[in-house]
Each structure stands twice: as structure tokens, then as C-alpha cells.
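**Student:** Have a look at this prediction, sequence included:
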Amino acid sequence: MCRGLAWLLVLLLPACVDPYSPEILAAKRSYLVVDGFINSQGVTTIKLSRTFAITSLPKVPNETRATVYIEDTAGARFPLAEGATGTYTSAYLMLTTGRTYRLRIATAAGVLYASDFVPVKITPPLDAVDWRAEPTGLGIYVSAHDDTKATQYYRWEYEETWEIIPPFSPSIEFVNNAIRPIRVLYPAQCWGNERAAAIQLAKTTALSKDIVSDLLLRRLARTSDRLYRRYSVLVQQHALTKEEYAYWELLRKNTESLGTLFDPQPSQLTGNVHCLSNDAELAFGFVGAHSLAQKRIFIERGQLPFDWPFVSGYEACVPPDTAKGNYIPLLRTGFVVPVSEVRDGITVASLDCVDCRRRGSANRPAFW
């Protein structure tokens, strides 16, 4: 009897799950998205963009030529200037902790927006950013505390940088339908860079002390090509208000915890940014005000266990192919490039196997 009931439930479950299609995805209107926070002890960077239907545009449309500034309840204003398209930055600021601040935005179309006034929080320093070689891979952990118990709500971001070493350094090139000694060398080294999209949060409200200890921030597989030679991670810590934490927690649930019957259902997410010109106009984002704490660590390949495999990401490129006879039509395609001369022909490889700029930047980071 129980087994039959179980099979009946299995058959009925698909009919109980309705696809979630938020109206905002199908809407023809475009709404303002505000990404960033007011840095109370440094440079504030705010990115403005627009929502769009996921099937209509190849990239996020930026909001350009807007007038953006920070203001406090005493009437002081601090302007932000547009640099990169849709990105607005302030001068280095030292804001007063006893005041509340908000962001004001006037779009090029004359539509006015503002975030709610929020208090300034001071982010405590990171106690440690540690790493451990574990059976499942490399774990990166963060620890922090606040003796005053004024933080309690934490958020972390991290940015990774790693060395990329291509397997080939071509000695010849194909120019004007002929092979000649190479004149402009390909970079021998590049640097990959990625800012994590994951939302990392923690709160200590249920603890007797405001301490976060050994929170797992990132795990890399033993076979990650980011660990091939040298790897670095920059960890940034934010102190949030209770309201800002609730916003990020809801955003995390909406973006990371969906997919099964038992996951939380998606919720409408807006934030604390409002349109002053039209109450019915939506805006998305939460603008808090706090200082920023950060710490960078480096991990060398020689520090890792000797039995971890060396994975460069170029394994499929080695060895190079050999082209003989009339290989000119092959080189004209541009999909492969000559590497070296051999008897009766040349060795060739795809451009991705030769030019590391296709995987990163040849510009050495200032901190490297």
C-alpha cells in the first residue's frame, strides 16, 4: 500500500511544479539597476545598468551620462564622475560616521532616483585569509571579529588572479602567403583574472561574540589550472546593516538556491533605491554605506602537495600538429598558426594554444 502511494506521488509531482517566469523578464520596459556601495573611507564606485530580456541583448546595457552624487542629511554633496561606460567613481572620501548618507541619480533622460538614507558602518579588519591543501582540493578560509559587536552582518567578495603559461613560443610566422622568422613574439606569460559572482554571507547575531572563524570562501579542485604556477586571491570584507544583509540573502537565494521542489521560491527583489519622478517606476539595488577591509594572499605551486597534478589548461594542445605539403590553405584559415620548422614541413597549433592573451592579459598586474 505504501509503495503504491509512493509511486502515485512520483507521478503527480511534475504536475505540481509550475515554471517560474518573472514578469520582469518578459517586460518590454527597462529598469535601472544600481550596483555598488558608498565607501565611507575610500573611493566609491557605482555601476549603473538596465534590465533586459534575457533573449534580446548580448550584454547588459549600461546607463551612461547620468549625474550621480552622494549626499548626507546635513546637505553636503559628493559628486561621482563617469569613467568607464556606466561606471561612476568619487574622489577619496572620509565620511562622518554619525551621519546618514544616500545616493542620488539623475539619468540623461531626466528621471530622478535616490537610495534610502543609511548609517555608516565601520568594517573590521580581516583577521586572516588562510588556505589549506585538503583531499577535496584547495580551501580558502576567512576569519574576522568585532569586539564591539557592532558588525554582526558580514559579506565577502573575492577576485582571483593566476599565471598562464602557453606551451609554445613560435619561431616562425605566416605573412603574405609565406613563412618567415617571427618578428613580433607572442607573450610568454599572461595573467587570468576573475571576480567571483558567488554571494558569501555570515551573521553572528545568535553568537555570544561577534566572531567569524574559518569560513570557507572558495574551493579549487586539485586539477585547477589556476594552481599551475602562481595564484593570488584578493578578499574584500563588508560590514552590513540588518536590512542590507536581508537584501543580499534574498538575492543569494534567488540566484543560487533554485531548481528543485524543496528550494525556496523566488521572491520579488528590489532594494532601497526608488524613483523620485514616478512612484510606479522600479529600480533595483541596495546602496549601503560602510568602509572596506581587504587582504591579498599568494600561493606558489611549490607550496602545494607534490602529488597534486600539474594542469596548465593546455593539455589538449600538446604535442603540436605537423603540416606537410601544401599547408598554405590551412594557414590562410587563421584557425592555426605556424610554430616551428621541421623536416619537409612545419608544426602548427591553434591560436588559442599559442596566444595566451585569448585566456588573459599580457599586462603584468601591479601587485604581482
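**Tutor:** Looks like it came in fine. Numbers count the residues shown, from 1 in each chain.
**Student:** Every contact and neighbour count from this point should use C-alpha atoms.
**Tutor:** Fine.
**Student:** Could you measure from residue 224 over to residue 98?
**Tutor:** Using Cα to Cα, to the nearest Å, residue 224 is found at 46 Å from residue 98.
**Student:** And for residue 242?
**Tutor:** In this view, residue 242 and residue 98 are 18 Å apart by Cα to Cα.
**Student:** more crowded one of residue 224 and residue 98?
**Tutor:** For residue 224 and residue 98, the more surrounded residue by other Cα atoms under 10 Å is residue 224, and the numbers stand at 15 against 8.
**Student:** Any idea how many residues pack against the nearest residue to the more buried one once chain neighbours are set aside?
**Tutor:** By the measure of Cα to Cα, 6 or more residues apart in numbering, the closest residue to residue 224 outside its immediate chain neighbours is residue 311, 6.6 Å from it. Look at residue 311: counted by other Cα under 10 Å, it has 15 neighbours.
**Student:** Pop out the phi and psi values for residue 311.
**Tutor:** Torsion angles at residue 311 (phi, psi; degrees, to the nearest 10) stand at phi -120, psi 110.
**Student:** what kind of secondary structure is residue 247 in?
**Tutor:** Using DSSP: H, G, I helix; E, B strand; the rest coil, the structure places residue 247 in helix.
**Student:** now the closest residue to it other than its chain neighbours: how far from residue 104?
**Tutor:** Nearest residue to residue 247, sequence neighbours excluded (Cα to Cα, 6+ apart): residue 271, at 6.4 Å. Separation of residue 271 from residue 104 (Cα to Cα): 15 Å.
**Student:** packing partners for the strand or helix carrying residue 173?
**Tutor:** In this structure, residue 173 sits in strand 172-175 according to DSSP states H and E. Under the contact definition 3 or more Cα pairs under 8 Å, 6 or more residues apart in numbering; DSSP states H and E, strand 172-175 sits against strand 178-181, strand 336-342.
**Student:** Report the mean confidence score over the shortest one.
**Tutor:** Rounded to a whole number, the mean pLDDT of strand 178-181 is 94.
**Student:** now do stretch 282-296
**Tutor:** For stretch 282-296, the mean per-residue pLDDT is 97.
**Student:** now swap in stretch 133-148 and tell me
**Tutor:** Averaged across stretch 133-148, the pLDDT comes to 97.
**Student:** Pull out the buried residues from that stretch.
**Tutor:** By neighbour count on 16 or more other Cα atoms under 10 Å, the buried set for stretch 133-148 is 133, 138, 139, 140, 141, 142, 143, 144, 145, 146.
**Student:** What of stretch 195-209?
**Tutor:** Neighbour counts over stretch 195-209 (16+ other Cα under 10 Å) mark 199, 200, 201, 203, 204 as buried.
**Student:** wouldn't the second one be in contact with residue 155 here?
**Tutor:** Right, residue 200. Yes: using Cα atoms under 8 Å, residue 200 makes contact with residue 155 at a distance of 5.7 Å.
**Student:** any idea how far residue 336 lies from residue 180?
**Tutor:** According to Cα to Cα, residue 336 stands 16 Å off from residue 180.
**Student:** higher neighbour count, those two?
**Tutor:** Shown here are residue 336 and residue 180; by other Cα under 10 Å, residue 336 has more neighbours (18 against 13).
**Student:** Now for that one: which residues touch it?
**Tutor:** Residue 336 sits next to 330, 348, 349, 350, 351 when contact means Cα atoms under 8 Å, 6 or more residues apart in numbering.
**Student:** and those, which are buried?
**Tutor:** 348, 349, 350.
**Student:** What is the nearest of those to residue 47?
**Tutor:** residue 350 (36.7 Å; Cα to Cα).
**Student:** could you list every residue that touches the closest one?
**Tutor:** 317, 335, 336, 337.
**Student:** ChimeraX command for the buried members of those residues?
**Tutor:** Here is the ChimeraX selection string for the buried members of the contacts of residue 350, based on 16+ other Cα under 10 Å:
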select :317,336,337
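**Student:** Which residue in the contacts of residue 350 has the weakest pLDDT?
**Tutor:** In terms of pLDDT, residue 335 ranks lowest among the contacts of residue 350, with 87.
**Student:** coming back round to it: of the buried residues of stretch 133-148, closest to residue 326?
**Tutor:** Residue 326 has its nearest neighbour among these in residue 138, at 48.1 Å by Cα to Cα.
**Student:** Once you drop chain neighbours, what's closest to the closest one?
**Tutor:** Nearest to residue 138 is residue 220, by Cα to Cα, 6+ apart, at 5.0 Å.
**Student:** The one you found and residue 133, how far apart?
**Tutor:** Distance, residue 220 to residue 133, using Cα to Cα: 10 Å.
**Student:** For residue 247, list the residues it contacts.
**Tutor:** 269, 271, 286.
**Student:** cool, and residue 289?
**Tutor:** By Cα under 8 Å, 6+ apart, the neighbours of residue 289 are 37, 38, 39, 40, 101, 118, 119, 120, 121.
**Student:** Can you give me the distance of it to residue 33?
**Tutor:** In terms of Cα to Cα, residue 289 sits 17 Å off from residue 33.
**Student:** rewinding a little: in JSON lines, list the helices and strands packed on strand 172-175 along with distance to residue 302.
**Tutor:** Shown next, in JSON lines, are the helices and strands packed on strand 172-175 (distance: least, Cα to Cα, whole Å):
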{"stretch": "strand 178-181", "distance to residue 302": "36"}
{"stretch": "strand 336-342", "distance to residue 302": "30"}
